[in-house]
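K.L.:
Quick one: sequence and predicted model below, then my questions.
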Amino acid sequence: MTETRNTHILSGAGHPHAPPTEAADEVVAFSVSGQDFCIDIMAVREIRGWTETTILPHAQSYVKGVINLRGAVVPVVDLSDRLGLGTVSPGARHVIIITQIGQRIVGLLADVVTDILALDPASVQPVPEIAAETARAFISGVASVEGRMLRRIDLTRILPQAEARAA
Amino acid sequence: MSVDTESFRAGFFEECDDLLEALQDGLSLLLARQETEDTIHAVFRAVHSIKGGAGAFRLDALVDFAHRFETLLDRLRSATAPPELATLALCQRAGDHLADLVAAARTDGDSPAPEVSAQLQALLDASIVAAPAHPQPGEAPGGATFMPLVLDLDLAVAPATPSADAFSPPHGQGTPAIAAPAPPVPHDDTTHPPPAAAELPPHRVRLVPRTGFYEAGHDPGILIAALAELGPIDTRLDAAALPPLDRAEPEASHLAWDIRADPAIPEPALREVFEFVEGLCTLEIVIAQPGPPDATADPRHRAPQGSGMAASPQGLHPGQRRPAEPSSGREYPTAQTEAAPQEVSAAPPPRTASAADRSSAPETEGHIHSPPDAPASEPAPAFFDRRRLAREGGTQSIRVDLDRVDRLINLVGELVIKEAMLSQSIARAGLPRESDVVAGLEGLKQLAGEIQEGVMAIRAQPLKPLFQRMSRILREAGEATGKQVRLVMQGEQTEVDKTVIERLVDPLTHMLRNAVDHGLETPAARRAAGKPEEGSVILSAAHRSGRVLIEVCDDGGGIDRMTVLARARARGLVPEHAELTPAEIDALLFLPGFSSREEVSALSGRGVGLDVVRREIQALGGRVTIASEPGCGTSFSISLPLTLAVLEGMVVDLAGQTLVIPIGAVQETLQPSGLRLHPLGGGAQVLHNRGGILPVVDLGATFGFRPALSSPEGRVLVVLETDANRRCALLVDGIHDQRQVVIKSLEDNFARIEGIAAATILGDGRIALIVDPDALLTAAPPGFDAVA
């Protein structure tokens, strides 16, 4: 499923279930350790299959290492670890979502990309108070789409430097 | 139009850079008493051109200052005696200030230090009064020649305003910025009108085409006609070299023309006519000279000594290339106040001389401040016209956006990686070595390497502008400390990556100030030591085995090792009873927070020590070393990579990862079998090797790739050395290869990582990290391995 879906997304065609509307934000939805997340589609540069990374010494556990993206050195963040859902041993079925965060290019490790959706901003609600601190730190809002709970990720907090700047 | 104005402005400031450089060059030559007749004219013209351009852009402060400066220079150039040192020193200060004003105008900033401006202007005015005025028959005064330029440029910039008054009226009365105006300087042409043009002897041109002249499709008739358009001429054919018809070669050139042209024709216009045939003919131009008629009446009278002016038949034989005679211009009496610097210039321009000079400049004898493109023996270009500069220097240049070059460098880097990937897959495919594919790939590899080198060379720039900046720093440091300093520059044409040059400014500034402040003794102490009162600092650069070596040497008292050691002990930087070698004591200067001066001076002791210098140099992939001889001086050597884009590295395996170690840091590699590793407690191990004790760094454990190894058996030790005699042995799994790698930043998309300098992409497309040896070694204290 991921393969066809990926090509679908990369070709830039809209998803039949989610015709984009003027007011809606288009997002890329994906799952990490069984939970559904989404990020703004404008931040997504491309989606690649998993490739072996080069491990960085002294790096945070959620930084899986760096990959070569057409000559650029791009770090890969294990979203599952970053979001406090446990580390992942990536394999051929995992995908790396290449995103642009500010001036940086960062790869996000995810289980599978599920959808491209048009998200009505009004349907996005703030994260409930009861949620754990880790979750609240990286999630800017939640939305219920077709019975699924989509967590919207705040990309600026994913990298450690961004975290430091925000603090 | 605003776009046009902008581009004019940008062009003007670019021009200013060249002019300021020429100004500095000229002043340095004058100070070193190595000037030619043209030097002072070149200096004058540089200031004059800056003033002219500045006037067009209404940069009043700049115009005002440049005008005073120019007036003084004008006096100096018409004086018979060479200018006094004090006046030259003033000129240098004025030149520095002019550079500041240009910089301020460029950024639309305020005039820097108006009090300096006022002070210098007053000084200049005083000197102008002091300098004797001389008739200037050959050239109109600065103000007058300056006016048409304003008009020209004004048309493009601000046509509505009737110009000219951006600048004070000619003849020097305009001194509005000065509270107590200097007495109006009478300009001599008001009292002594220049001789009428008719009184001047004509310009003389002798044109002897070579065979190539005709082959290139030129026609002497067209040139002569073009000359005739400028003014009345008188042309005579010289067919003396024509051989008898039966021996004549039909394709050869045998004829020559002697032309007398109206002296009213300006020299540049005259020369421009022959612009396109330079090198294709022998061209002798004698510009009209006022003065003793015998000096100019027949130039050939003066030139039988083989100066290229000889009229002898063999001298004019077609096709025979005469050696260029750069010195011929000096054989002419030039005490007259004619502005045209090259009374005689043998064409073609002395290309050979300047080329030879350039090639020898970086390596050999240091002629002080003498720019290779205009060595002392060669007259500087007559006008600061870029085409002329390009022609005479033998170089032509274009200005290219740096981003474009960097994009190209990136692409070439990709090409090299792709090529390596291809090599690997071909090797895996098991093709025979002699197959066409392998041979073709070899060729591709070589081409890619050459392209890479060529592209890197685009970023390379001569160090000269940087060195010139340093000459100012040194001067100011000398003034601040009351010491007399002379800067000797060597090899300033050495080319280094632009980024490296930019990042050298701070460390070099610091080192030069340091040399003056701490290195050189006071004049009294120098006298007592039997040295000349004037200290000298040598700033030199050279290419050495793929790196650039920059040295700062002073002839001061050398490092006071006792004081240094005592201070280091007092600060707890060295154990109380440690015995250090002289070199180790010298290296202590690089320790953070070390300042050997008892009282911190305003100049260099600002709590920023040589440790900062070293850090900056290391960040460039370079190293600094120090050498000192008591009583004779101290020298700092900086060794830098030519570029920041590639690196020669050793590719090693470590716990399934591939790493690259910069080859510059690798001293040797060892098989640990047969060597003894000594445990030091706490898991630390040391290696006894060649009489020294090295700490062993288990890189796998340091980087957290795997737990510490219990035995180094079957692995490899790479001995690294950085500055200050710090050494260590890195324990890695195996050595792969040694190769050039393209440096990729980790910081662009991620962050700096301790112990890692950068990343690179290997032939298989995977990323390998480049180890930062200095970071690995910071843990080891200096002198640790010295205890034998």
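P.N.:
Everything's here; your move. Numbers count the residues shown, from 1 in each chain, chains lettered A, B, ... in the order given.
K.L.:
Contact residues of chain B facing chain A?
P.N.:
B:410, B:413-414, B:417, B:657-658, B:702-705, B:744-746, B:748-751, B:753-756, B:759, B:761, B:765-769 (C-beta under 8 Å from any C-beta of the partner chain). (Glycine included, C-beta is placed from N, CA and C.)
K.L.:
Buried subset of those as a ChimeraX selection?
P.N.:
Here is the ChimeraX command that selects the buried residues among the residues of chain B next to chain A (16 or more other C-beta atoms under 10 Å in any protein chain shown):
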select /B:410,413,417,657,658,702,703,705,744,746,749,750,751,753,755,756,759,761,765,766,767,768,769
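K.L.:
So which of the residues of chain B next to chain A are in strands?
P.N.:
B:657, B:658, B:756, B:759, B:761, B:767, B:768, B:769 (DSSP state E).
K.L.:
in which helix or strand would I find the residue in chain A positioned nearest to chain B?
P.N.:
The nearest approach of chain A to chain B comes at residue A:57, 3.3 Å away (C-beta to the nearest C-beta). Remark: residue A:57 resides in no helix or strand, with elements defined by DSSP states H and E.
K.L.:
gap between the nearest residue to it once chain neighbours are set aside and residue B:227?
P.N.:
Closest residue in space to residue A:57, ignoring its immediate chain neighbours: residue B:703 at 3.3 Å, by C-beta to C-beta, 6 or more residues apart in numbering or on different chains. For residue B:703, the distance to residue B:227 (C-beta to C-beta, to the nearest Å) stands at 76 Å.
K.L.:
Near chain B, which residues of chain A are found?
P.N.:
Residues of chain A lying near chain B (C-beta under 8 Å from any C-beta): A:52-59, A:63, A:66-68, A:70-75, A:103-106, A:159-161.
K.L.:
low-scoring stretches of the stretch 451-600 of chain B, by residue?
P.N.:
By pLDDT under 70, the low-scoring segments of the stretch 451-600 of chain B are B:545-546, B:593, B:595-600.
K.L.:
Nearest to chain A: which residue in it?
P.N.:
residue B:452 (14.0 Å).
K.L.:
For the residue nearest to that residue when sequence neighbours are not counted, the count of nearby residues, please.
P.N.:
The shortest distance from residue B:452 to any non-neighbouring residue, by C-beta to C-beta, 6+ apart, is to residue B:412 (4.9 Å). Neighbourhood size, residue B:412 [other C-beta atoms under 10 Å in any protein chain shown]: 21.
K.L.:
show me the contacts for the residue in the stretch 301-450 of chain B positioned nearest to chain A.
P.N.:
Using C-beta to the nearest C-beta, the single residue of the stretch 301-450 of chain B nearest to chain A is residue B:414, 4.9 Å away. When contacts are counted by C-beta atoms under 8 Å, 6 or more residues apart in numbering or on different chains, residue B:414 touches A:70, A:71.
K.L.:
Tell me the confidence at it?
P.N.:
You'll see residue B:414 listed with a pLDDT of 78.
K.L.:
Would you map the strands across the stretch 401-550 of chain B?
P.N.:
Taking DSSP state E, counting those that start in this stretch, the strands of the stretch 401-550 of chain B run over residues B:460-462, B:485-490, B:495-497, B:535-544, B:547-554.
K.L.:
Show me what the third one is packed against.
P.N.:
Strand B:495-497 makes packing contacts with helix B:436-459, strand B:460-462 when contacts are defined by 3 or more C-beta pairs under 8 Å, 6 or more residues apart in numbering or on different chains; DSSP states H and E.
K.L.:
and if you look at the fourth one?
P.N.:
Using 3+ C-beta pairs under 8 Å, 6+ apart as the contact criterion, the elements in contact with strand B:535-544 are helix B:464-481, strand B:485-490, helix B:498-514, strand B:547-554.
K.L.:
okay if I get the ones you listed as JSON lines plus mean neighbour count?
P.N.:
What follows is these, written out as JSON lines (neighbours: other C-beta atoms under 10 Å in any protein chain shown):
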{"stretch": "helix B:464-481", "mean neighbour count": "20"}
{"stretch": "strand B:485-490", "mean neighbour count": "21"}
{"stretch": "helix B:498-514", "mean neighbour count": "20"}
{"stretch": "strand B:547-554", "mean neighbour count": "22"}
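K.L.:
How about the helix or strand hosting residue B:24, which residues are buried there?
P.N.:
Residue B:24 belongs to helix B:2-31 when assigned by DSSP H and E. By neighbour count on 16+ other C-beta under 10 Å, the buried set for helix B:2-31 is B:8-9, B:12-13, B:16, B:19-31.
K.L.:
orientation of it relative to strand B:485-490 in degrees?
P.N.:
110 degrees (axes from the mean of the first three to the mean of the last three C-alpha atoms, to 10 degrees).
K.L.:
tell me the angle of helix B:2-31 relative to helix B:464-481?
P.N.:
60 degrees.
K.L.:
how far is helix B:2-31 from where the chain is centred?
P.N.:
15 Å (C-alpha atoms, centre = their mean, to the nearest Å).
K.L.:
next structured bit after it?
P.N.:
Following helix B:2-31 toward the C-terminus (DSSP H and E): helix B:37-56.
K.L.:
Who are the packing partners of that following helix?
P.N.:
helix B:2-31, helix B:60-78, helix B:85-106, helix B:142-157.
K.L.:
How far off centre is it?
P.N.:
That offset, for helix B:37-56, works out to 21 Å (C-alpha atoms, centre = their mean).
K.L.:
what separates the residue of chain B found nearest chain A from residue B:768, distance-wise?
P.N.:
Chain A sits closest to residue B:703 of chain B, with a gap of 3.3 Å, by C-beta to the nearest C-beta. Going from residue B:703 to residue B:768 by C-beta to C-beta gives 13 Å.
K.L.:
And for residue A:148?
P.N.:
Distance from residue A:148 to residue B:768, by C-beta to C-beta: 41 Å.
K.L.:
neighbours around residue 96, how many?
P.N.:
This is for chain A. Residue A:96, neighbours per other C-beta under 10 Å, totals 24.
K.L.:
Chain B was what I was after
P.N.:
20.
K.L.:
Find me the pLDDT at residue B:731, would you?
P.N.:
In this model, residue B:731 is scored at 88, pLDDT.
K.L.:
That one - that's part of a helix, no?
P.N.:
No. Read with DSSP: H, G, I helix; E, B strand; the rest coil, residue B:731 is strand and lies in no helix.
K.L.:
wait, what's in contact with it?
P.N.:
B:672, B:696, B:697, B:698, B:699, B:700, B:709, B:712, B:715, B:716, B:717.
K.L.:
Leaving out chain neighbours, which residue sits closest to it?
P.N.:
residue B:698 is the one closest to residue B:731 (C-beta to C-beta, 6+ apart), at 4.8 Å.
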